[in-house]
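> Dropping the sequence and predicted coords here.
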Amino acid sequence: MIRGRVTDWALALVLPVLLLVAYDAWARTAGDFFFPPLSEIGATFADEWLFTRIPTDLLPSLGRMLAGFALAVGGGVALGALLGFSRMLSTALDPVLQFLRALPPPALIPVSLLVFGAGDGAKVFLIALGAVWPVLLNTVDGVRGVDRTALDMARSYRVPAHARLTRLVLPAALPRIFAGARTALGIAIILMVVSELIGADNGVGYVVQLAQRGFDIPEMWAGTLLLGLLGFGANALFVAFEKRVLHWHIATTGRASSAPRRRSRRPTPKPTEAAGARRS
């Protein structure tokens, strides 16, 4: 089992390592100012992002991203459960939700700055508004996909509504909710960067934009590398948490990926043997 995991990790690292080696070889040969070699990018990354800018830029960005993501998940699950339960409420709120969903979050930056100012509130609002929709829609689908027979049985046994919601509906909808939350996490990281491009004085997006404007190309690439590592690490942590919470779901649906059991095939009887068995 350990050998299999090591093999999987090795296969997963082959393509990234080859791409990095190919880029470094090309950058050293081309000598382009806008594409420095990996050694220069790595040195800038170590100097800037391993120690210096962690408290001043990285931690504020992570705090705003996590706050917006938490609001998106909490609000999306709560509103999605209500819309999934009530068809009337879903029909009444559908035009408003579709209008808000159609608005691109970057277009709301001036509105958020006008309402919340240039502080963290505007950035958290923008992240939450853009990341809430995958959670909301997946929660609605998950709630509506609950087995109606189980719901009718719970009603016939006079199970209270809050107990049906917390012990039956939400556990059954959790796989879809986690799928929406995983998508929302990537959107939250993107909007974290977008929200820091205007009206900000710190953050990873602010530093990357400042480096680009000042033609500090190694620092720009180091910030971009940090964003990629941040997204990769956040997704890995989320997947580990999802496997821990949904172990029952993964154990049920993962049977198809396991090796099929070998069935012992009985020898096919010859025609004469089969005829003799029928006569007897």
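Cool, got the structure. Numbering: from 1, shown residues only.
> how about the nearest residue to residue 242, chain neighbours excluded?
Of all residues not flanking residue 242 in the chain, residue 178 sits nearest, at 5.0 Å (CB to CB, 6 or more residues apart in numbering). Placement of C-beta: from N, CA and C, glycine included.
> Distance of the one you found relative to residue 119?
31 Å (CB to CB, to the nearest Å).
> List the buried residues for stretch 237-246?
Buried residues in stretch 237-246, counting neighbours by 16 or more other CB atoms under 10 Å, are found at 238, 242, 246.
> ok, the first one to residue 19 distance?
Taking CB to CB as the measure, residue 238 falls 24 Å from residue 19.
> cool, and the second one?
Using CB to CB, one gets 28 Å for the distance from residue 242 to residue 19.
> How about residue 222?
Taken as CB to CB, the span from residue 222 to residue 19 is 17 Å.
> now do residue 194
Remark: distance between residue 194 and residue 19 (CB to CB) = 26 Å.
> swap in residue 152?
For residue 152, the distance to residue 19 equals 55 Å [CB to CB].
> Can you name the residues in contact with stretch 53-71?
49, 120, 123-128, 131-132, 184-185, 188-189, 191-192, 195-196, 202-207, 226, 230 (CB atoms under 8 Å, 6 or more residues apart in numbering).
> Recalculate using a threshold of 6 Å.
Stretch 53-71 has contacts (CB atoms under 6 Å, 6 or more residues apart in numbering) with 120, 123-124, 127-128, 131, 188, 192, 202-204, 207.
> Can you point out the buried residues in that stretch?
Neighbour-count burial for stretch 53-71 [16+ other CB under 10 Å]: 53, 57-58, 60-62, 64-69, 71.
> show me where pLDDT drops low in the stretch 1-150 of the chain?
1-2, 4 (pLDDT under 70).
> For residue 182, give me its contacts.
Contacts of residue 182 (CB under 6 Å, 6+ apart): residue 238.
> Please, which helix or strand holds it?
Element membership of residue 182 [criterion: DSSP states H and E] is helix 170-195.
> same question, residue 142
Using DSSP H and E, residue 142 falls in helix 120-144.
> and that helix with helix 170-195, angle?
Put simply, helix 120-144 runs at 150 degrees to helix 170-195, going by axes from the mean of the first three to the mean of the last three CA atoms, to 10 degrees.
> what does stretch 223-241 rub up against?
45, 49, 182, 185, 189, 204, 207-208.
> Now tabulate the residues you listed in a markdown table and tack on distance to residue 95.
Formatted as a markdown table, these follow (distance: CB to CB, whole Å):
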| residue | distance to residue 95 |
| --- | --- |
| 45 | 47 |
| 49 | 45 |
| 182 | 28 |
| 185 | 28 |
| 189 | 30 |
| 204 | 37 |
| 207 | 41 |
| 208 | 38 |
